[in-house]
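Participant: How does the following fold in three dimensions:
(one chain, ligands or ions: 1)
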Amino acid sequence: MSAQLIDGKAIGAAVRAEIKERAAAFIARTGMHPCLAAVLVGEDPASHVYVRNKGKACVEAGMLSRQINLPATTTEKELLDLVGRLNADDAVHGILVQLPLPDPIDETKVIEAIAPAKDVDGFHPVNAGRLLTGGRGFIPCTPYGILKLLEYEKVDLKGKHAVVVGRSNIVGKPVAILLLSRHATVTICHSRTQDLPGVVRTGDVVIAAVGKAEMVRGSWIKPGAVVIDVGINRLPDGRLVGDVAFEEARAVAGKITPVPGGVGPMTITMLLHNTLEAAALRAAAAE
Ligand code: GUN
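Facilitator: The predicted structure follows:
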């Protein structure tokens, strides 16, 4: 049996169409144009592609996008000053500083400088804390996108065992909290987990977010499991692969996301969602 593919491109497009409609209604009602400011420091080619795609998606959804490119020689103070100016700019509703930042800039300091109400990445400790405690805040885009995929696919998480491989602040930890909020029983695994294949094999849902090409093998997957692959890794031969050995896992899983075309399109989609939400919060505060 071959697993059903979870089509992130199609689901992302459907969610973006809804966001575009809501953005148009918001603009008509308030006269405000939701605006995302994306800051890119340095020359990392992958980051350039990501930021360009984020800006393009914003415009396609009827929102405004500002991209600020800074040289790799930018000092931490210069970047913090820029974030301060964007925080104070009423025409900017969402701020995103693309990670990773070049050395020696302290990422934590920069993230903490972003006003929580404009932190559409959901990385600020205030938003991370709200996620942890079940309050209203911005949810990081990739975990939020994974949840949307699972919702669209009608995956019932209640009482199921979800195994998250990876413990990053951007994906592993927040997705675990989200799955828990949907009543899954959650295990977070990492590089030092004993018998990692054995633990993954107990997962009804497996989220692979380790950043290691094809690390999760088909033999690690419980038959019928839902497999979400967050990885995007470039092999020496140029192929783009996930953190899961796709063909092996596809033969065992019930549903699986492809790479590319799975989680990736959902990350940008939820960034649009958060940007519109940030503008709506600002409008409500001004009313
Ligand atoms: N680098 C990799 N993923 C992300 C993301 O979602 N947001 C930002 N700002 N940087 C990233």
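
Participant: Quick check: residues of the chain near the ligand?
Facilitator: For the chain, the residues found near the ligand under the criterion C-beta under 6 Å from any ligand atom are 96, 97, 98, 99, 121, 141, 142, 170, 267. In short, each C-beta sits where N, CA and C put it, glycine included.

Participant: Mind checking which of these land in helices?
Facilitator: Taking DSSP state H as the definition of helices, the residues of the chain next to the ligand contribute 141, 142, 267.

Participant: ok, how many other residues are close to the residue nearest to the second one when sequence neighbours are not counted?
Facilitator: In space, not counting the residues next to it along the chain, residue 142 is nearest to residue 267; the distance is 4.6 Å by C-beta to C-beta, 6 or more residues apart in numbering. Around residue 267 sit 23 other residues, with neighbours defined as other C-beta atoms under 10 Å.

Participant: how many neighbours does residue 248 have?
Facilitator: 16.

Participant: still on that earlier bit, you'd agree the residue nearest to residue 142 is up against residue 141?
Facilitator: Yes: counting by C-beta atoms under 8 Å, residue 141 is a contact partner of residue 267 at 4.7 Å.

Participant: follow-up on the earlier one: return the distance of the residue nearest to residue 142 relative to residue 165.
Facilitator: Distance of residue 267 to residue 165, given as C-beta to C-beta, to the nearest Å: 18 Å.

Participant: Tell me, how many residues neighbour residue 73?
Facilitator: Residue 73: 9 neighbours (other C-beta under 10 Å).

Participant: which SS state does it fall under?
Facilitator: coil (DSSP: H, G, I helix; E, B strand; the rest coil).

Participant: For the closest residue in space to residue 7 that isn't next to it in sequence, grab phi and psi.
Facilitator: In space, and not counting its chain neighbours, residue 7 is closest to residue 261: 6.9 Å by C-beta to C-beta, 6+ apart. Note on residue 261: its backbone torsions stand at phi 100, psi 10 [degrees, to the nearest 10].

Participant: quick one: the residue in the stretch 101-250 of the chain positioned nearest to the ligand from residue 17, how far?
Facilitator: Nearest residue of the stretch 101-250 of the chain to the ligand: residue 121, at 4.7 Å (C-beta to the nearest ligand atom). Taking C-beta to C-beta as the measure, residue 121 falls 23 Å from residue 17.

Participant: Can you name the residues that contact the residue of the chain found nearest the ligand?
Facilitator: Residue nearest to the ligand within the chain: residue 99 (3.7 Å; C-beta to the nearest ligand atom). Residue 99 is in contact with 107, 170, counting by C-beta atoms under 8 Å, 6 or more residues apart in numbering.

Participant: what's the offset of stretch 21-35 from the middle of its chain?
Facilitator: Mean C-alpha position of stretch 21-35 versus that of the full chain (C-alpha atoms, centre = their mean, to the nearest Å) differs by 24 Å.

Participant: Show which residues not belonging to stretch 188-203 make contact with it.
Facilitator: Here stretch 188-203 makes contact (C-beta under 8 Å, 6+ apart) with 161-167, 172-173, 176, 187, 206, 210, 216-217, 219-222, 225.

Participant: cutoff 10 Å now
Facilitator: Residues external to stretch 188-203 that are found in contact with it (C-beta atoms under 10 Å, 6 or more residues apart in numbering): 160-168, 172-173, 175-177, 179, 184-187, 206-208, 210, 212, 215-217, 219-223, 225-227, 244.

Participant: what about it, start to end distance?
Facilitator: Taking C-alpha to C-alpha, to the nearest Å as the measure, stretch 188-203 stretches 11 Å from start to finish.

Participant: mind listing what's buried in that stretch?
Facilitator: Neighbour-count burial for stretch 188-203 flags 188, 189, 193, 196, 199, 200, 201, 203 (criterion: 16 or more other C-beta atoms under 10 Å).
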